[in-house]
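> Requesting a structural model of the entry that follows:
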Amino acid sequence: MKTKGSYTGTLIDACKALGVSRSGYYNYVKSLDSRNARDEEDQVWRTQIEEAYNYRGYEKGSRSIVMYFLNVLGITVNRKKVQRLMRKFNIFCPIRKANPYKRMAKATKEHSTVENKLKRQFDQGIAHKVLLTDITYLPGTGGFIGYLSTVKDGTTKEILAHYVSDSLKLDLSLTTVDLLMSAHSTTLHKDAFIHSDQGVHYTSPKFHKKLADNQLGQSMSRRGNCWDNAPQESFFGHLKDEIEYKDCGNLEELRAIVTDYMDYYNNERGQWNLKKLPPVHYREQLLLAV
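Numbering: from 1, shown residues only. Sure thing, here's the model as predicted:
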């Protein structure tokens with residue numbers, strides 16, 4: 001049976017053989033206990049981060065996870081901590097993909113453009129005034145291609161109207177405006193206007209008339225300048241990263257997952273530049289401050 005003295009002697013001999021001091025050994029043992037405790041704590045956080053990452057089936061980056069903790073769980077967590085744990089457990093943020101599709105054909109002679117009254121002043125601090133619109137392709141499986149048209153509030157980032165079709169005809173943009181007016185005609189700002197690119201849907205005389213009939217102004221980006229409608233382009237990029245549209249083989253399937261995402265985006269997906277709130281909650285807070 002070893003006595004305390006014999007144990008100490010053995011420890012001294014071992015330290016000498018390894019070329020370390022006794023204090024160094026004890027510091028190592030102490031730090032080892034601390035590291036084990038931290039690893040156990042990290043495992044608990046890992047479970048919660050993975051749940052946040054996969055919440056409602058939309059993969060998220062560190063910012064979205066921080067906002068999930070804040071808005072869904074009521075927990076404040078440091079973003080750097082989330083980033084460290086994501087690196088440690090190989091939880092990777094989705095990488096934005098470049099749009100592989102070219103813009104639509106040039107407008108015919110009967111089509112006309114209007115001035116760019118927005119000039120990148122997307123957030124004017126007023127809800128339902130700056131209305132951004134665009135169309136994107138959502139190619140699925142078996143040759144199916146869907147088209148999504150949206151109207152986005154420049155200040156609150158809320159998607160006010162959306163329409164999914166399997167046709168790129170002019171009705172795509174016209175129906176989107178009809179849906180906008182049906183849902184928000186009573187809350188639109190008196191100087192509300194729609195801003196778009198110079199695609200054929202928006203230079204069409206029918207589209208001009210549709211806006212005029214609904215007392216909506218119109219603004220257009222400069223030709224070939226995607227930055228003039230950057231928030232709308234950004235939204236499409238996030239949507240394509242986060243929904244499984246490529247698995248859809250028909251219009252019904254695509255409409256179902258897009259509708260679910262719009263609900264999630266507007267009501268639950270926090271945004272860093274909206275005080276970490278989802279668009280609808282930010283709008284409600286904005287209106288209370290008026």
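
> gap between the closest residue to N78 other than its chain neighbours and E59?
Of all residues beyond its chain neighbours, the one nearest N78 is V66 (7.9 Å), with distances taken as C-beta to C-beta, 6 or more residues apart in numbering. Using the backbone N, CA and C atoms, a C-beta is placed for each residue, glycine as well. Distance of V66 to E59, computed by C-beta to C-beta, to the nearest Å: 15 Å.

> What of N71?
N71 sits 17 Å away from E59, going by C-beta to C-beta.

> Please enumerate the strands of the stretch 151-290 of the chain.
159-165, 193-196, 217-220 (DSSP state E, counting those that start in this stretch).

> out of these, deepest packed?
Comparing these by mean neighbour count (mean count of other C-beta atoms under 10 Å), strand 193-196 ranks first with a mean of 24.

> on that earlier part again, adding mean pLDDT and distance to D263, write the strands of the stretch 151-290 of the chain out as a markdown table.
Formatted as a markdown table, the strands of the stretch 151-290 of the chain follow (pLDDT from 0 to 100; distance: least, C-beta to C-beta, whole Å):
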| stretch | mean pLDDT | distance to D263 |
| --- | --- | --- |
| strand 159-165 | 97 | 10 |
| strand 193-196 | 91 | 23 |
| strand 217-220 | 90 | 28 |
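
> V66 and E59: who's more crowded?
Taking neighbours as other C-beta atoms under 10 Å, V66 and E59 compare with V66 leading, 24 against 14.

> what's the spacing between the more buried one and T47?
Taking C-beta to C-beta, one finds V66 at 16 Å from T47.

> In PDB, could you pull the C-alpha coordinates for stretch 274-284?
Extracted in PDB, the C-alpha atoms of stretch 274-284 (Å, rounded to 0.1, in the frame of the first residue of the first chain):
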ATOM      1  CA  LEU A 274     -34.100  44.600 -38.000                       C
ATOM      2  CA  LYS A 275     -33.000  44.600 -34.300                       C
ATOM      3  CA  LYS A 276     -32.800  40.800 -34.700                       C
ATOM      4  CA  LEU A 277     -36.600  40.600 -35.100                       C
ATOM      5  CA  PRO A 278     -38.700  38.900 -37.800                       C
ATOM      6  CA  PRO A 279     -40.200  41.400 -40.300                       C
ATOM      7  CA  VAL A 280     -43.800  41.400 -39.000                       C
ATOM      8  CA  HIS A 281     -42.600  41.900 -35.400                       C
ATOM      9  CA  TYR A 282     -40.300  44.700 -36.600                       C
ATOM     10  CA  ARG A 283     -43.200  46.400 -38.400                       C
ATOM     11  CA  GLU A 284     -45.400  46.200 -35.300                       C
END
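
> before we move on, the earlier item: out of the strands of the stretch 151-290 of the chain, nearest to E233?
Set against E233 and scored by C-beta to C-beta, the strands of the stretch 151-290 of the chain come closest in strand 193-196, at 11.7 Å.

> in its sheet, what does that closest one sit against?
With DSSP bridges as the test, strand 193-196 is paired with strand 130-139 (parallel), strand 217-220 (parallel).

> Work out the gap between it and the centre of the chain.
Its chain's C-alpha centre and that of strand 193-196 lie 21 Å apart, by C-alpha atoms, centre = their mean, to the nearest Å.

> what does it contact?
116-118, 129-134, 151, 154, 177, 202, 211, 216-221, 228-229 (C-beta atoms under 8 Å, 6 or more residues apart in numbering).

> Kindly report the same for stretch 275-290.
Contacts to stretch 275-290, defined as C-beta under 8 Å, 6+ apart, come from residues 66-67, 70-71, 125, 127, 153, 155-159, 265-271, 274.

> What subset of these is buried?
66-67, 70-71, 127, 153, 155-159, 265-266, 268-271, 274 (16 or more other C-beta atoms under 10 Å).

> Tell me which entries of these lie within helices.
V66, M67, Y265, N266 (DSSP state H).

> okay, the residues you listed in JSON lines with distance to D197 and pLDDT next?
JSON lines is the format used below for those (distance: C-beta to C-beta, whole Å; pLDDT from 0 to 100):
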{"residue": "V66", "distance to D197": "33", "pLDDT": "90"}
{"residue": "M67", "distance to D197": "30", "pLDDT": "89"}
{"residue": "Y265", "distance to D197": "21", "pLDDT": "94"}
{"residue": "N266", "distance to D197": "23", "pLDDT": "95"}
